[in-house]
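Asks: let's see this in three dimensions:
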Amino acid sequence: MDAARALREIAFWLERADAPTFRVRAFRRAASVVDGLPDLDERVASKRLTALEGIGRTTASVIEEAQRGEVPEYLARLRSEVDVPERGAELRAALRGDCHSHSDWSDGGSPIAEMATTARDLGHEWIALTDHSPRLKVARGLSADRLREQLDVVAQLNERLAPFRILTGIEVDILSDGSLDQEEELLARLDVVVASAHSELRMASAEMTRRLCAAVSHPHVDVLGHCTGRLIGAKKRPQSTFDAAAVFQACRDNGVAVEINSRPDRLDPPRDLLRLAVDTGCLFSIDSDAHAPGQLDWLSYGCARAEECGITPDRVLNTRTADELS
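Replies: Below is the predicted model:
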């Protein structure tokens, strides 16, 4: 068992379980220390691992067990605790990529390359990088200049990672009047545009309906992200109110996919609205909304809900190839 790989896998499963960031970083930091260590065997034998900055008692135990050729106990426990939905496996297998992910360019926790290689290792053919737009300052949203810089970085990474592909994108904020928080010229250059409301979520129903309908009528929007804005579980936030029939009709008429957000703290839209979108004839995008590599594996939760509501692969945007989307 490779010690650095074991440490990174632990970080992956912790991220998938939405563990505290400090705990995840401890294992990723330890993996980086091990990567550059020429005398690892000697340090393990002499019990000197914890003398290294970035190696604590727990990570040292993982390294020692891995160096003995064992699956570390910590890793084995995390593997055994993975929650895999009973439904949705066939739909999950049909997905080629993920239309909604974040990197450390905005409020994600990992570099673009790490998000991309993890997606590749999960079996994706592509991933859309959709960092936030400038108005969302709390999430370090990308200004037009930063987004242009990111496009150059993605182009370089795509040369290195081919045939895997990073699709250029954005999660663009839907402003209160339904306009979009980024320059028109830049939106036109992107492969995937996810439009989401992040503010004024308690807006009156009629105003929110006009706002969402205006956004999905924009010619460059591909996906309506987490449409109700709700949060469930420990962090609760009620869903926005709007005329869902009108919004989903606008999505259908403009060829915009309704996102099935797979985050366990969102699972948006709720099942009643999801069934309404199905009956309306909408397309869908089953997305992780991942802010860390391990969260890319959350797609199975969205697939389970999609199957439960009768959604077939032909109606799911991310069963398509990168060329079909770009």
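
Asks: residues in contact with the residue lying closest to residue 28 once chain neighbours are set aside?
Replies: Distances taken as Cβ to Cβ, 6 or more residues apart in numbering put residue 11 closest to residue 28, at 4.8 Å, once the chain neighbours are dropped. Placement of C-beta: from N, CA and C, glycine included. Shown in contact with residue 11 (Cβ atoms under 8 Å, 6 or more residues apart in numbering): 24, 25, 27, 28, 31, 293, 294.

Asks: farthest pair within those?
Replies: By the measure Cβ to Cβ, 31 and 294 form the most distant pair in the contacts of residue 11, at 13.5 Å.

Asks: where does this structure dip in pLDDT?
Replies: For the chain, not a single residue meets the criterion pLDDT under 70.

Asks: quick one, strands of it?
Replies: Under the criterion DSSP state E, strands of the chain are mapped to 126-129, 165-173, 192-196, 223-224, 257-261, 284-287.

Asks: between these, which gets nearest to residue 95?
Replies: Of the strands of the chain, nearest to residue 95 by Cβ to Cβ is strand 284-287, at 6.4 Å.

Asks: got the CA positions of the closest one in PDB?
Replies: Coordinates of the C-alpha atoms in strand 284-287 are reproduced here as PDB (Å, rounded to 0.1, in the frame of the first residue of the first chain):
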ATOM      1  CA  PHE A 284     -31.700  17.800 -16.500                       C
ATOM      2  CA  SER A 285     -28.200  18.100 -15.300                       C
ATOM      3  CA  ILE A 286     -27.200  15.800 -12.400                       C
ATOM      4  CA  ASP A 287     -24.400  17.800 -10.700                       C
END
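
Asks: buried residues in it?
Replies: 284, 285, 286, 287 (16 or more other Cβ atoms under 10 Å).

Asks: beta partners of the residue nearest to the spatial centre of the chain?
Replies: Nearest to the mean C-alpha position of the chain, by Cα atoms, centre = their mean, lies residue 290 at 2.1 Å. Here residue 290 sits in beta bridges with residue 101, as judged by DSSP bridges.

Asks: residues touching the closest residue to residue 228 other than its chain neighbours, list them.
Replies: Distances taken as Cβ to Cβ, 6+ apart put residue 239 closest to residue 228, at 3.5 Å, once the chain neighbours are dropped. Counting by Cβ under 8 Å, 6+ apart, residue 239 touches 228, 229, 230, 268, 270.

Asks: ok, the last one - contacts?
Replies: Yep, that's residue 270 we're talking about. Contacts of residue 270 by Cβ under 8 Å, 6+ apart are 228, 230, 239.

Asks: including distance to residue 151, could those residues go into CSV?
Replies: What follows is these, written out as CSV (distance: Cβ to Cβ, whole Å):
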residue, distance to residue 151
228, 31
230, 32
239, 34
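
Asks: which one of those residues sits closest to residue 320?
Replies: For the contacts of residue 270, the residue nearest residue 320 by Cβ to Cβ is residue 228; the value is 25.4 Å.

Asks: ok, that closest one - contacts?
Replies: By Cβ under 8 Å, 6+ apart, the neighbours of residue 228 are 239, 240, 268, 269, 270, 273.

Asks: just the closest of those residues to residue 167, please.
Replies: Checking those against residue 167 with Cβ to Cβ, the nearest one is residue 268 at 22.0 Å.

Asks: do you have the helices of the stretch 101-250 of the chain handy? List them.
Replies: Ranges of helices in the stretch 101-250 of the chain, per DSSP state H, counting those that start in this stretch, are 112-121, 144-161, 184-189, 205-216, 244-254.

Asks: export the ones you listed as TSV, with columns for mean neighbour count and distance to residue 235.
Replies: Shown next, in TSV, are the helices of the stretch 101-250 of the chain (neighbours: other Cβ atoms under 10 Å; distance: least, Cβ to Cβ, whole Å):
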stretch	mean neighbour count	distance to residue 235
helix 112-121	20	23
helix 144-161	14	28
helix 184-189	14	30
helix 205-216	20	21
helix 244-254	20	23
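
Asks: noted, bye for now.
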